[in-house]
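S.K.: Provided below are the primary sequence and the corresponding predicted coordinates.
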Amino acid sequence: MGVLNITPDSFSDGGSFTQIESAVQHALKMAEQGATIIDIGGESTRPNALPVSTHEEILRVVPVIEGIRLKSDIAISIDTSKADVMKAAIEAGADFINDVYALQRPGSLDMAASLGVPVCLMHMQADPTTMQDQPYYLNVVEELNDFFAQRIAACEQVGIAKGKIILDPGFGFGKTLQHNLTLLAKLKEFESHGCPILAGLSRKSMFGQLLDKKVDERLIGSVSAALLAVANGASIVRVHDVAETADALKVYMAVQAAK
Ligand SMILES: Nc1nc2[nH]c(S[C@@H](C(=O)O)c3ccccc3)nc2c(=O)[nH]1
């Protein structure tokens, strides 16, 4: 899963033509490099990011989805928590929902049910503005399993079949370095729900803490962690560095095949 963040320049509402075109080109390049899913996000979950209106978020993501669809059938996920953005994105040609709020925002659960598409449910403790102030769990794996069970039940109640659900521990979303390492080490403990696991580790601050590296120096850490996530049961890894990660996973799969 290649990450495509649409954060337009400050001048234009939505994206200017060049912004849209460059985003489409980036998506196509990631597809060429081996991405099988493009994850499109119109709002940064950065703690101090300004909130983006539904209208603005739609103006950002829809032209890019349409632009990609003119040239590629690659799977597209919409990284949003807003019901109306989900609708607009799916109607524009996206294939499934990637929601860091696990369909807990107003109207999103019913919207996902009515759209009838798969959904990735990610765990987050608190919200982006507070999640990194002293994250605490009695037992992080158990608490996330309880959360997943509860969200799966909520989905099944509105008719979203378990076969349409992907689970994601939400690395860095209300977790200390130790929590992140435990979740990666024990990723297999989330397989009990019978849903595929998605891991989003790419360039995250855990590598800053572990390796003392800035965000543009975290390639090796990110690729190493992506390979470990797959070795520990992840079916999807959400990454910025598609070509490098694809190579690492090719090596992993080749060795697996030789078992
Ligand atoms: N499913 C799924 N969706 C995701 N969207 C993101 S945004 C994150 C980033 O570092 O990319 C981020 C966090 C905070 C600020 C900026 C960007 N992370 C995930 C993830 O881990 N899983």
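M.R.: All right, it came through fine. Given the structure is predicted, the values throughout are model-derived calculations rather than measurements.

S.K.: tally of neighbours for the residue in the stretch 1-150 of the chain positioned nearest to the ligand?
M.R.: Here the residue of the stretch 1-150 of the chain nearest the ligand is residue 46; by CB to the nearest ligand atom that distance is 3.8 Å. Any C-beta I mention is one placed from the backbone N, CA and C, and that applies to glycine too. By the criterion of other CB atoms under 10 Å, residue 46 has 10 neighbours.

S.K.: can you get me a residue count around the residue in the stretch 51-200 of the chain positioned nearest to the ligand?
M.R.: When distances are taken as CB to the nearest ligand atom, the stretch 51-200 of the chain approaches the ligand most closely through residue 200, which lies 2.2 Å from it. Neighbour count for residue 200, taken as other CB under 10 Å: 27.

S.K.: ok, for it, nearest residue in space, not its chain neighbours?
M.R.: Taking CB to CB, 6 or more residues apart in numbering, and ignoring the residues beside it in sequence, residue 200 has residue 238 as its nearest neighbour in space, at 3.8 Å.

S.K.: likewise residue 209?
M.R.: Closest residue in space to residue 209, ignoring its immediate chain neighbours: residue 177 at 4.6 Å, by CB to CB, 6+ apart.

S.K.: repeat that for residue 124.
M.R.: What sits nearest to residue 124 in space, not counting adjacent residues and going by CB to CB, 6+ apart, is residue 173, at 3.9 Å.

S.K.: can you pull the contacts of the one you found?
M.R.: Residues in contact with residue 173, defined by CB atoms under 8 Å, 6 or more residues apart in numbering, are 45, 100, 122-125, 128, 131.

S.K.: tell me how far it lies from residue 27.
M.R.: Counting by CB to CB, to the nearest Å, the separation of residue 173 from residue 27 is 24 Å.

S.K.: which residues touch residue 218?
M.R.: Taking CB under 8 Å, 6+ apart as the definition of contact, the neighbours of residue 218 are 202-204, 207-208, 211.

S.K.: one step back: and the residue of the stretch 1-150 of the chain closest to the ligand, what pLDDT?
M.R.: As predicted, residue 46 sits at a pLDDT of 76.

S.K.: could you list which of the contacts of residue 173 belong to strands?
M.R.: Secondary structure from DSSP state E places residue 122 of the contacts of residue 173 in strands.

S.K.: and the contacts of residue 173 as JSON lines, adding neighbour count?
M.R.: Conversion of the contacts of residue 173 to JSON lines gives the following (neighbours: other CB atoms under 10 Å):
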{"residue": "45", "neighbour count": "17"}
{"residue": "100", "neighbour count": "23"}
{"residue": "122", "neighbour count": "25"}
{"residue": "123", "neighbour count": "24"}
{"residue": "124", "neighbour count": "22"}
{"residue": "125", "neighbour count": "19"}
{"residue": "128", "neighbour count": "17"}
{"residue": "131", "neighbour count": "18"}
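
S.K.: contact residues of the protein facing the ligand?
M.R.: Taking CB under 6 Å from any ligand atom as the criterion, the neighbours of the ligand within the chain are 3, 44-46, 79, 98, 100, 120, 122, 168, 170-171, 198, 200, 204, 238.
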